[in-house]
Structures are given as C-alpha cells and as structure tokens.
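Asks: Structure for this input, please:
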Amino acid sequence: MRFFFAAVLASAAAFGGAGYAWVHHPLELTASSVDLSIEPGTVAREVAIGVADAGVAVNTTLLYWWFRVSGQARQIRAGSYELAPGTTPASLLQKLVRGEETLRAVTLVEGWTFRQVQEALRRAEQLRPDSAPYSAQGLMEKLGKPGLAPEGRFFPDTYTYAKGSSDIAVLQRAMRAMDRKLLAAWEQRNPLTPLQNPDQALTLASIIEKETGVPADRAMIASVFNNRLRIGMRLQTDPCVIYGLGETFDGNLRKADLLRDTPWNTYTRNGLPPTPIAMPGKAALWAAVQPAQSKALYFVARGDGSSQFSSTLEEHNKAVNKYQRGL
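Replies: Just a heads-up that it's a prediction; the model follows:
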C-alpha cells in the first residue's frame, strides 16, 4: 500500500510538472503574428477552438482545460487581440482576461471639414466603414442628432479603437467629446458676448479656426468677429465663401466668388453662416466665447502667418497697402 501511494504521488508530481512546463512554453504560431477575434458571449471551449482556427498550433482540449483549471475561464473578455511569437498559454490567458486588445488609432485634425473626416475614417486601418451607406442627414440621425449638419460636430483628437470596430462608434466618441468641450466653453463665456447659444459659438469657433495663422492672433481674430456681430457688421470672411463654393473652388478665390451668393457667403449675408465650416479645436472654442477686449473690426495677413488688426477702415486700408500691395 505504501508503494501504491508513493507511485500516485510521483505520478501527480510528474503530471503537475508537465502541466507547468506546458502553460509556460511558447505556442507555435503559423505566422509572424496572429489576429484573434472573440465575440461577446463566446464560451471558453469556443475560445480555445478560435485560437487554433486563428493560426496557433495548439491542442484545443488542453487549452480549454487550462482555461478551466485556472479558474478564469469566465473572465475571458471579448475583443480583438494580436498574438506575437513567444506567447504562452499562461500569457495568452492573462491577455484575454485583462482585455489587452490590439488598438489602432485615427487622428482627426483641427480645421478639417467633415469630408476630410470621412476620408480619414475610410483610410483608417481595420476600421469597419458602417457609416458608408448613410447620407449626412441619416448619419446624424443614427448618432442621435437629427436635423443637425455633421460639419464641425466632431472634436479633433486622436481616437484609438480595436480592430474591426465601427467608424460610427469613433464618430460617436468624437461627437460626445465636442459636446463636452463646447458646453465647458459656453459655461465660461463672456457675459457681453453677442452669441446667443452654443451652436453659434461652435460656428464662430470654426471660422476662427480657419482664419488663424498663428496661435497668438486667435483671441484678436475672435475679437474682430465678436465686435462685428455686436454692431451688425457683415463678417466678410474668405473661408466661409470658400466653404460655400464646395468642390467648385479651384484654390484661387476671385472677386466674382465673393459676390456669388451662397448660405455661407458672409460678404453677401448678415450674421453667422447656417453651419460650422470645419472642426474647431479647444483653443478656438474658448476664443469664440472669451475674445480679446478690443475695438478692432478689421485684420489683414502680414505675409508671415500673422495678422495686422485695425479699428477703422482708414487704418485697415493702410495695412492692406503695406502688407498686400507693398505700397
């Protein structure tokens, strides 16, 4: 009997040692890296099979029992994972339990139009183009903003996502980020602002974003537009005209273009345009509601990215002659 128990203990020890060695031995991958996708509701046995199907040479029964014996089988998270050489059953399980998904990223840039946002999403690696079938109106309905144009409604930032994520989910995050940033700015607005609501602040911020050549001028550019709105003077801003021309704009803004009436032509129409013209960043949002205190009504580019500001038409004409005409 004594020899029987000794044999059992020896077998158990050998089995335990072999098991320990197996869970810490690198798995054999059929490629330099393997992409593993686990859908919500997938049970441990199906995960083990999925690992093999993804390109890992592993005994699925052993892998399943490792998940079970570890006590963490029910903690495996759905997601997209990348398995690199050197992955062991032990490190694989920890990756799946911690939800260490392989993330990609897409960057939305300040001053971009919605068309540029769509193009960036189309080019983003492993991002599912679920928004493609939708019109602009239909997409905004899908995002819970029916009746609003998508222009300017998404905050420019870098957004990470798991492989196979929907581009609509990225847009949802960017839209919520813009809502938060806009509300925060609006709550700290100058009480004397001529802007009547956050949407007007967003539209003005988009114009400031497109007009700003150097960050140091942003507050003064905001001051010019706030001052003009306050006295009912037309904004007369070229980026709005260009936006209204759409795809017909060839890169050369002509005098005839300034006279061509569109809803966004602030030379022919009073007040703000009907929608933003681009995505403003945080600094432009804050400048729109907290502009510099000045009497400036005009500005002209100096040629180095900065602007010259004037409070009278006479001063402005002199600045135009100096910086634009070289007189």
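Asks: alpha carbons only for contacts and neighbour counts from here, please
Replies: Will do.
Asks: could you turn stretch 234-245 into PDB, dropping everything but the C-alphas?
Replies: Coordinates of the C-alpha atoms in stretch 234-245 are reproduced here as PDB (Å, rounded to 0.1, in the frame of the first residue of the first chain):
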ATOM      1  CA  ARG A 234     -21.000  91.600 -42.000                       C
ATOM      2  CA  LEU A 235     -18.200  89.100 -41.100                       C
ATOM      3  CA  GLN A 236     -16.700  89.100 -44.700                       C
ATOM      4  CA  THR A 237     -14.500  86.100 -44.100                       C
ATOM      5  CA  ASP A 238     -13.000  84.200 -47.000                       C
ATOM      6  CA  PRO A 239     -13.000  80.700 -45.500                       C
ATOM      7  CA  CYS A 240     -16.800  80.900 -45.400                       C
ATOM      8  CA  VAL A 241     -17.000  81.900 -49.000                       C
ATOM      9  CA  ILE A 242     -14.700  79.000 -49.900                       C
ATOM     10  CA  TYR A 243     -16.700  76.500 -47.900                       C
ATOM     11  CA  GLY A 244     -19.900  77.700 -49.700                       C
ATOM     12  CA  LEU A 245     -18.200  77.100 -53.100                       C
END
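Asks: what sits up against it?
Replies: Contacting residues not belonging to stretch 234-245 are listed as 207, 210-211, 225, 228-229, 249, 253, 257-258, 262-267, 269-273, 277 [C-alpha atoms under 8 Å, 6 or more residues apart in numbering].
Asks: And those, which of them are buried?
Replies: The neighbour-count criterion (16 or more other C-alpha atoms under 10 Å) marks 207, 210-211, 225, 228-229, 257-258, 262-267, 269-273, 277 among the contacts of stretch 234-245 as buried.
Asks: Am I right that Ala105 falls within a strand?
Replies: Yes - per DSSP: H, G, I helix; E, B strand; the rest coil, Ala105 lies within a strand segment.
Asks: how about it, what does it touch?
Replies: Taking C-alpha under 8 Å, 6+ apart as the definition of contact, the neighbours of Ala105 are 124, 158-161.
Asks: can you check Val69 too?
Replies: With contact taken as C-alpha under 8 Å, 6+ apart, Val69 is in contact with no other residue.
Asks: in a helix, that's where it is, yeah?
Replies: Yes - going by three-state DSSP, the assignment for Val69 places it inside a helix.
Asks: gap between it and Glu28?
Replies: The span separating Val69 from Glu28 equals 22 Å under the rule C-alpha to C-alpha, to the nearest Å.
Asks: Could you do Val214 as well?
Replies: With the distance defined as C-alpha to C-alpha, Val214 ends up 54 Å from Glu28.
Asks: Looking at those two, which is more packed in?
Replies: Using other C-alpha atoms under 10 Å, the more surrounded residue of Val214 and Glu28 is Glu28, with 15 against 11.
Asks: now the helices for the chain?
Replies: Remark: helices of the chain, listed N- to C-terminal, are 2-23, 44-55, 60-70, 89-98, 114-123, 136-142, 167-187, 198-211, 218-231, 238-245, 255-259, 282-289, 313-323; assignment by DSSP state H.
Asks: Next, the buried residues of the third one.
Replies: By that I understand helix 60-70. Applying 16+ other C-alpha under 10 Å to helix 60-70 flags 60, 63-64, 66-67 as buried.
Asks: cool, and the last one?
Replies: Applying a neighbour-count criterion of 16+ other C-alpha under 10 Å, one finds 316-317, 319-320, 323 buried in helix 313-323.
Asks: for it, packing partners?
Replies: The elements that helix 313-323 packs onto, with contact taken as 3 or more C-alpha pairs under 8 Å, 6 or more residues apart in numbering; DSSP states H and E, are strand 298-301, strand 307-310.
Asks: Who are the packing partners of the last one?
Replies: When contacts are defined as 3+ C-alpha pairs under 8 Å, 6+ apart, strand 307-310 packs onto strand 298-301, helix 313-323.
Asks: Skipping its backbone neighbours, what lies nearest Val213 in space?
Replies: For the record, residue 213 is Gly, not Val. Nearest residue to Gly213 in three dimensions, chain neighbours excluded: Gly305, at 4.7 Å (C-alpha to C-alpha, 6 or more residues apart in numbering).
Asks: Tell me the pLDDT of that neighbour.
Replies: Predicted confidence (pLDDT) for Gly305: 90.
Asks: I'd assumed Glu211 was in contact with it.
Replies: No - the pair Gly305 / Glu211 is not scored as a contact, 10.1 Å apart, by C-alpha atoms under 8 Å.
Asks: May I see the contacts of Ala105 organised as CSV, with distance to Lys295 and neighbour count added?
Replies: Converted to CSV, the contacts of Ala105 look like this (distance: C-alpha to C-alpha, whole Å; neighbours: other C-alpha atoms under 10 Å):
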residue, distance to Lys295, neighbour count
Ala124, 45, 16
Thr158, 37, 11
Tyr159, 40, 15
Thr160, 43, 14
Tyr161, 46, 20
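Asks: ok, which pair from those is furthest apart?
Replies: The two members of these with the most space between them (C-alpha to C-alpha) are Ala124 and Thr158, at 11.7 Å.
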